[in-house]
Structures are given as C-alpha cells and as structure tokens.
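>>> Quick one: sequence plus predicted model below, questions after.
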There are 2 protein chains.
Amino acid sequence: MSLPHAILTALLEKPSSGLELTRRFDRSIGYFWSATHQQIYRELGRLETEGYIRTLPAEQPARGQKKSYEVLPAGRAELARWTATAQEPKPLRDVMLLRLRAAAVVGTAGLEADLRRHLELHQVQLAEYEEIQRRDFPPGKDTPEDRLRHLVLRAGIDLETFWTRWLTHAIGELGELPDR
Amino acid sequence: MSLPHAILTALLEKPSSGLELTRRFDRSIGYFWSATHQQIYRELGRLETEGYIRTLPAEQPARGQKKSYEVLPAGRAELARWTATAQEPKPLRDVMLLRLRAAAVVGTAGLEADLRRHLELHQVQLAEYEEIQRRDFPPGKDTPEDRLRHLVLRAGIDLETFWTRWLTHAIGELGELPDR
DNA sequence: ACGGGTTATGCAACTAGTTGCACAAAGAGT
DNA sequence: ACTCTTTGTGCAACTAGTTGCATAACCCGT
C-alpha cells in the first residue's frame, strides 16, 4: 500500500495536476514505483477525501480545467509516519528466473533471444541512469536531500549493472549448452 | 500470470500434493516465485480442469486423502511454449527506495533502524544461498540442468550481495546526515 | 474415548494493480 | 466551419495476490 505515499512524496516535491504526476511517474519516481494515470487519478480522489491533499485554488476557474493538488499538513504527517514505519522486504519475484528454471526441465528453446533482448533493455536503462547521475549529481551537489536522492539513483545503477552482468553470463552459459 | 507455470515446473521436477508444493514454495522455487497454499490449491484446481495436470492414481484410496498431481503432455507443452515466449521485464518496485526518497522531503527519522534490520535479513538470505551453492553445486555438477539451476541461484546470490552492499553504504551516508 | 496439536485441503472476501474504454476541451490543418 | 489529434480526466471490469477462516482426519498422550 505505497502508491498514496509515492504520490504524497511527488506532490511535496512539487504540487502538480494528475497529468503532471503521470508524467513524473514515467521517469523519476516511476523508476522505482510505477503507476498508470488511472491509478493516480483514483488515488488523488482518495487522498483528497481523506484530507491529506487539496486542490490548489484554480487560477483560471475551470477553463482548461487542470486541477493541481498540494499536500496538507495531515498528508505530510502521514508520510513521515509511514517512512518511519518498519516494513518487510517483499520477496523477489522474477519471471526470467522462473523461465530459466522451467528451461531446465522443458529445454532452452527460444530463451536466448529474449535474454539478449532483456540485456539490451537493461543496458539502455543503465545508460539512462548514468546520464541522470552526470546531470543531476555533479561532485558539488550534496545537501542532505541530494545525498538521499543520489543514494536511490545508485541503487538503480547497481541493480541494472547486476542485471547486465548476470544476463551476459547467462547468455554465455546457454551458448555452451547442447540444444534440446 | 506465472504461478501456473511455476507449479508446472515444480510438478515436472517431482509430482507432489498441494502441501508438498507449498513446502517447496517456501524454499527452492519460492526464492524467486513465492506463493501461499491458498493460491496453490486454487491453481491446482484450474490446471486440472484445463487438462494440464491430473491426480496420480491414489495408492491408498481416500485414507489420509493426500492428492498427488502429475503433469500431462499438454501441460509440458504449455510450459515449453510459455518459456519460449518473450516477456517484458517488469519495472522495479521497491518500498525502501521510495521511503528514502520520501525521507528527502519529510526527514530521515526512524529510517536507520529499519535499514539495519533489512541489512541483516539480506545477509541471512545471502548466507543461505551460499550454503545451498556449497551443498548442491560442487565443482563436478554441471549437467545442463545443473548449470541452469546454478545460474538462477547465482542471480539470487548476486542480488543479495548487491542489497547488503547498498544498505551498508546507505547506513553510512545516513550517519553523516544531520538529523531532522 | 477424549482433548489438543499437526497435517492437509479448501472457500470467501478483500486489496492492489491492470486493461479497456469514454468523454470533453483545446489547438491545428484544411 | 469542421474533422483530427492531443491533452486531461475519469469510470468499470478484470486479474493476481493476500488474509482470514473453515473443515476434516490422523496422531499422540492421558
């Protein structure tokens, strides 16, 4: 149950409309907590009725009818509470690993092509993260906020590095196996 | 939609009853695809009506009434088809990363303790994987099946290694930050 | 033979996330 | 003026996973 908290975080970083949030959930926050616009609109509605957020007084009343939201004190308190609450790490759940395990019993036919495709996707993602790191975290930037956000980015970089290495290794192993 | 395929894989490795499957989903397969017994029983029912598995002719008819299932040819074919089908990697979704990002706006109070707790959990998991590696994959074992399963285990080991390193680093960074 | 734990199976309700579609307004091209 | 695309908002239905509970049999000590 973390989507509301992801939205509160995003809105605290910058008050936004539903669509703006959707855009930011396609990058930035979305890199580790993705959400579709439908989820976001639904959740904005809930957060509003719970008194955690409110619509910003519209500058142009109902013209292009873009509704912007901001976080209320209760919302900030709830986010702080949630952040400090212990949570269980959710167990790994990965389809590719399952497919490899299945391949051990039904054969590896068709697997290698998709391993290569995934490798490329992860390489692209890694490059994107590294670009963000260059752009947003040059040596000087280290306010506490920067450090925390950089930490999160580094997790992304290290994870993508892990996947590219592992997939490269897996493709190598698969090549040595007799086809079945 | 991978649970049925996880079950087919498990049943091909060894025909089992619902409870035996549940046990194996607490280790082994469960390390990368977890499931509760309720999910498993429900799915066994579906797989049976679809003609992918069948109950083994009971040795003692309805005594302790333990029902064992085995995979039918159609089930094996379906698993092979699924294994060869390209799939999109699902985007990362991690609560701890989200909490760090939230901490950048509402403060880090209460975070460090849970980071330490997670570090310990990941260290335990890593040790468990390494034990399995020692036990199940000594140098000689390298039939194709072994190599594939070892590959999966290594992904687990490398992932846990990543998390322990990253969490250690994160705890260090947090220590340097002024409390808020 | 009786109460208490363990083994084994399963239903029902709930929650979170996904998919598919709908609709209205604004701007852009003809 | 009039279709066409884009922007922005949102509902409804579906799917997968989780939680809570129910049931029955067997096993064990008293």
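Right, received. Where do you want to start?
>>> check whether the longest helix seen in chain A contacts chain B.
Using DSSP state H, we find that the single longest helix of chain A is helix A:144-176. Yes: interface with chain B: helix A:144-176 contributes A:144-145, A:147-149, A:151-152, A:154-156, A:158-159, A:162, A:165-166, A:169-170, A:173, A:176 (C-beta under 8 Å from any C-beta of the partner chain). All C-beta spots, glycine's among them, are computed from the backbone N, C-alpha and C.
>>> need the contact list for A:R81.
Applying C-beta atoms under 8 Å, 6 or more residues apart in numbering or on different chains to A:R81 gives no contacts.
>>> Check the one 3 residues further on too.
Contacts here follow C-beta under 8 Å, 6+ apart; on that basis A:A84 touches B:109-111.
>>> Report the separation between it and DNA strand C.
Counting by C-beta to the nearest atom of the strand, to the nearest Å, the gap from A:A84 to DNA strand C is 19 Å.
>>> Does A:R116 lie in a helix or a strand, and which?
Using DSSP states H and E, A:R116 maps to helix A:111-136.
>>> Quick one: list the elements packing against that helix.
In terms of contacts (3 or more C-beta pairs under 8 Å, 6 or more residues apart in numbering or on different chains; DSSP states H and E), helix A:111-136 is packed against helix A:95-106, helix A:144-176.
>>> In TSV, list those helices along with distance to DNA strand C, mean neighbour count and mean pLDDT.
Formatted as TSV, the helices and strands packed on helix A:111-136 follow (distance: least, C-beta to the nearest atom of the strand, whole Å; neighbours: other C-beta atoms under 10 Å in any protein chain shown; pLDDT from 0 to 100):
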stretch	distance to DNA strand C	mean neighbour count	mean pLDDT
helix A:95-106	13	23	96
helix A:144-176	18	18	96
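>>> count of residues packed around whichever residue of chain A sits closest to DNA strand C?
Proximity of chain A to DNA strand C (C-beta to the nearest atom of the strand) peaks at A:M1, 3.2 Å away. The tally of other residues near A:M1 (other C-beta atoms under 10 Å in any protein chain shown) stands at 6.
>>> Let's see stretch A:76-89 as PDB, backbone CA atoms only.
Extracted in PDB, the C-alpha atoms of stretch A:76-89 (Å, rounded to 0.1, in the frame of the first residue of the first chain):
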ATOM      1  CA  ARG A  76       2.900  15.300   5.400                       C
ATOM      2  CA  ALA A  77       2.400  13.800   8.900                       C
ATOM      3  CA  GLU A  78       1.100  10.600   7.400                       C
ATOM      4  CA  LEU A  79       4.100  10.400   5.000                       C
ATOM      5  CA  ALA A  80       6.500  10.900   7.900                       C
ATOM      6  CA  ARG A  81       4.800   8.300   9.900                       C
ATOM      7  CA  TRP A  82       4.900   5.800   7.000                       C
ATOM      8  CA  THR A  83       8.500   6.500   6.300                       C
ATOM      9  CA  ALA A  84       9.500   5.700   9.800                       C
ATOM     10  CA  THR A  85       7.400   2.500  10.000                       C
ATOM     11  CA  ALA A  86       9.300  -0.800   9.700                       C
ATOM     12  CA  GLN A  87       8.300  -2.800   6.600                       C
ATOM     13  CA  GLU A  88       9.100  -6.300   5.400                       C
ATOM     14  CA  PRO A  89      11.200  -6.500   2.300                       C
END
